[in-house]
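J.: sharing a sequence plus its predicted fold:
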Amino acid sequence: MADLDKQRIVESVPQRGFFGHPKGLFTLFFTEFWERFSYYGMRAILVYYMYYELSQGGLGMEESTALAIMSIYGSLVYMSGIIGGWLADRIFGASKAVFYGGLFIMLGHITLAIPGSISLFFVSMVLIVLGTGLLKPNVSSIVGELYSEHDDRRDAGFSIFYMGINLGAFIAPLIVGTVGMKYNFHLGFSIAAVGMLAGLIIFVYTRKNNLGLAGSVVASPLSPAERKKVFLSIGIGIVVLAVIVAITIPLGLLTFKSFILLVGILGILIPTIYFIVMFRSPRTTGVERSRLIAYIPLFIAAIMFWAIQEQGATILASYADKRTQLDFAGIHISPAWFQSLNPLFIITLAPLFAWLWMKLGQRQPTIPKKFALGLLFAGLSFLVILLPAYFGGEHSLVNPLWLVLSYFIVVLGELCLSPVGLSATTKLAPAAFSAQTMSLWFLSNAAAQAINAQIARFYSPATEMVYFGVIGGAAILLSILLFSFSGKIQGYMKGIT
Ligand code: GLU
Ligand code: ASP
């Protein structure tokens, strides 16, 4: 986006009105709060909805299939951010993308709210994947547009926004989870739909006054000639895809198994292509090439980190349901409530970490070291959760505090890696690709969940010790490796700290 545009946008946004921040932050905070409420609320019960028996209101799928679908779903949700980011950047602007995204998401949850067949379930998946791809990267990039380049409230603004994400993620399992598990899954999904509706209403009714021009400028619109070419390729792409599907399904080639594999391949292939294109682009300078090299090990570490963090909603959700004592200290715990732990710890510990980094000032760990720390904690969180089986075998029910501890430890890592990750991406990705940095960062999560979909089948109570041990151990090894090369990586970062 041209500097003049950026300046014009900032001038159009009321610069105060939300805790000393631009008024637009109110709109974006609550839109994302409700979107995450609907997303994490839905995910807190979806896995149980899939593998619970028909008699319990579920779909009666095999558990390992349900776990793999959760991961594929999560992967596609973040993968589609590339499409959403691109559409906003080149065709209709971020604000429209957020609006249509919210609409698709809401329709997706409404579809889930209708009791019915498995096909409705897949329709809702498509809607939510496309909707989140449109909404998630764009709502965050509008946050960036509210502040001028040198505004020192910028980082604080992103931290407030991050709180909004986690507040939504925290209350959702308590509300959607409780209703979904206690009364009826579909009622739970309809609350998720109402949440997204609330987000949409806030967005639509407050954007005029609060956002000014933010989100409405198409950063690099397609020229008419490009338009023709792009629409033609999209058209051909859709036809080719339809033909492939029409041929492979009847031939029995497009099975669930091959689809998991396909997502796995895409999860790795897409970021790889991204890196190659950025690296070889004539618009990328020599210094930027060096920074890209530094970014690769960080990106790989992020994949490993998210692979463990996201299993908190799949493998550990199953662990909460089947391996954990749910009648504890006089109350009956819903397994869905465990999903509130991660965001709860994020909300409570984020200020502490912010204070710690500030206090340490120049002495705080470098970006590669923070990533290594993130991985270390992620690995430890898995080693901790193998202990109950080690001490008590895989048949007796486990004290829920073990799970609480595991979620706690992973959050220590998340706070080292996640908030730094996005800003590191912004600083290390070549300037010519700046519109895509948000989607690029989400690709680390997409790749992680694509891998999770492949490995979910190796988990069962009988194999859990090996499962948690191998993955946790691999994360710790990678962390040590990253730590030992951190000086070298820092060198490649050419002055970025
Ligand atoms: N849990 C965070 C969110 O939903 C992080 C996602 C990511 O950065 O990959 O926004
Ligand atoms: N901590 C995650 C994120 O930052 C939320 C979650 O996993 O529930 O949004």
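T.: Ah, there it is. Ligands and ions are numbered 1, 2, ... in the order given.
J.: report how many residues lie close to the residue in the chain that ligand 1 sits nearest to.
T.: The minimum distance from the chain to ligand 1, using CB to the nearest ligand atom, falls at N445 (3.4 Å). For the C-beta atoms, the positions are set from N, CA and C on the backbone; glycine is no exception. Number of residues near N445 (other CB atoms under 10 Å) recorded here: 25.
J.: and whatever helix or strand it lives in, what does it pack against?
T.: Here N445, judged by DSSP states H and E, is contained in helix 437-455. On a contact count with 3 or more CB pairs under 8 Å, 6 or more residues apart in numbering; DSSP states H and E, helix 437-455 meets helix 63-79, helix 81-87, helix 118-145, helix 256-280, helix 286-310, helix 400-428.
J.: change it to 10 Å
T.: helix 63-79, helix 81-87, helix 118-145, helix 256-280, helix 286-310, helix 400-428, helix 464-484 (3 or more CB pairs under 10 Å, 6 or more residues apart in numbering; DSSP states H and E).
J.: does it reach ligand 2?
T.: No - among the residues of helix 437-455, none lie within reach of ligand 2 under CB under 6 Å from any ligand atom; the closest is 9.7 Å away.
J.: so the closest residue to T111 other than its chain neighbours versus ligand 2, what's the distance?
T.: Once flanking residues are discounted, T111 sits nearest to S124: 3.8 Å by CB to CB, 6 or more residues apart in numbering. Relative to ligand 2, S124 is positioned 20 Å away (CB to the nearest ligand atom, to the nearest Å).
J.: gap between S124 and L112?
T.: Summarising the geometry, the distance separating S124 from L112, computed by CB to CB, to the nearest Å, is 4 Å.
J.: same question for R8.
T.: Noted for R8: a distance of 41 Å to L112, by CB to CB.
J.: check E63 too.
T.: With distances defined as CB to CB, the gap from E63 to L112 amounts to 20 Å.
J.: ok so, going back, tell me which of R8 and L112 has more neighbours.
T.: A count of neighbours by other CB under 10 Å puts L112 above the other of R8 and L112, at 27 against 13.
J.: doesn't M196 make contact with that one?
T.: No - contact criterion CB atoms under 10 Å: L112 and M196 do not qualify, at 11.4 Å.
J.: what do these two both touch?
T.: Any residue near both L112 and M196 by CB atoms under 10 Å, 6 or more residues apart in numbering counts here, and that gives 42, 128.
J.: T437 reaches F299, doesn't it?
T.: No - distance between T437 and F299: 12.0 Å, which falls outside the contact criterion (CB under 10 Å).
J.: contact partners for the closest residue in space to K96 that isn't next to it in sequence?
T.: Computed as CB to CB, 6+ apart, the closest residue to K96 that is not its neighbour in sequence is A88, at 7.5 Å. If you count contacts by CB under 10 Å, 6+ apart, A88 has them with 94-98, 101, 134-135, 137-138, 141-142, 215, 218-219, 435, 438-439.
J.: so what's the residue count around the closest residue to F161 other than its chain neighbours?
T.: Sequence neighbours aside, V143 is the residue nearest to F161 in space, at 5.2 Å (criterion: CB to CB, 6+ apart). Applying the criterion other CB under 10 Å, we find 24 residues in the vicinity of V143.
J.: try E414
T.: Tallying neighbours of E414 according to other CB under 10 Å, which is how burial is gauged here, yields 29.
J.: what residues does the stretch 51-200 of the chain have near ligand 1?
T.: On the criterion CB under 6 Å from any ligand atom, ligand 1 has as its neighbours in the stretch 51-200 of the chain the residues I165.
J.: hang on, the earlier thing: between the helices and strands packed on helix 437-455, which gets nearest to Q15?
T.: Of all those, it is helix 118-145 that lies closest to Q15, at 12.6 Å by CB to CB.
J.: could you check the angle that closest one makes with helix 63-79?
T.: Here the directions of helix 118-145 and helix 63-79 differ by 30 degrees (axes from the mean of the first three to the mean of the last three CA atoms, to 10 degrees).
J.: quick check: next helix or strand after helix 118-145?
T.: Downstream of helix 118-145, the first helix or strand assigned by DSSP H and E is helix 154-172.
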